[in-house]
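[1] Sequence below, structure please.
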Amino acid sequence: MVFQALIPLFIFIRHGFKFPTMPRYYLATDLKEDKALIQEYIRYHENVWQDIKLSIRESGITQMEIFHFGNRLFMVIEAGPDFSFERKADLDWSNPIVQEWEELMLRFQKPIPGTAPGQKWVLLNKIFDLTHA
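    Modelled structure (predicted):
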């Protein structure tokens, strides 16, 4: 019974049809080069405040992942078609809990060389995509 339900899905995928995807954004920033601070930053992100998760979702972000290596952070965001970084910034500025979180994260983060003054996360430019190669 389950197998029969999967046959149309298999045919759909087998013939090169793709499910619509949401816009995806890639960002990076650095952490201060202090192992204790890096571990503390990771601990905060193992238990992100509920209000922060709610504010992320309310901005139109549907999925967010943060990876780290050494002191470098890499973030992947998937968002709905109405998402904009400008709107998210406006929402963040008007939310005192988000401002408290951001102030706390400043203790750990440092900008990547070459970023604009006051900029923490920098949007990365895609230079290769195998699906379009």
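[2] switch to C-alpha atoms for all contacts and neighbour counts from now on
    Will do.
[3] Mind listing what's buried along the one helix or strand His68 maps to?
    Secondary structure from DSSP states H and E places His68 in strand 61-69. For strand 61-69, the neighbour count (16 or more other Cα atoms under 10 Å) marks 61, 64 as buried.
[4] Numbering from 15 from now on, please.
    Sure thing, new numbering starts at 15, so read that last one as strand 75-83.
[5] immediately after it, which helix or strand?
    That would be, after strand 75-83 and using DSSP H and E, strand 86-93.
[6] what is the orientation angle of that next one with strand 75-83?
    170 degrees (axes from the mean of the first three to the mean of the last three Cα atoms, to 10 degrees).
[7] if we can go back for a sec, can you list the residues that contact the strand holding His82?
    87-94, 97 (Cα atoms under 8 Å, 6 or more residues apart in numbering).
[8] so which of the residues you listed is the most crowded?
    With neighbours set by other Cα atoms under 10 Å, the maximum within these is found at Ala93, which has 21 neighbours.
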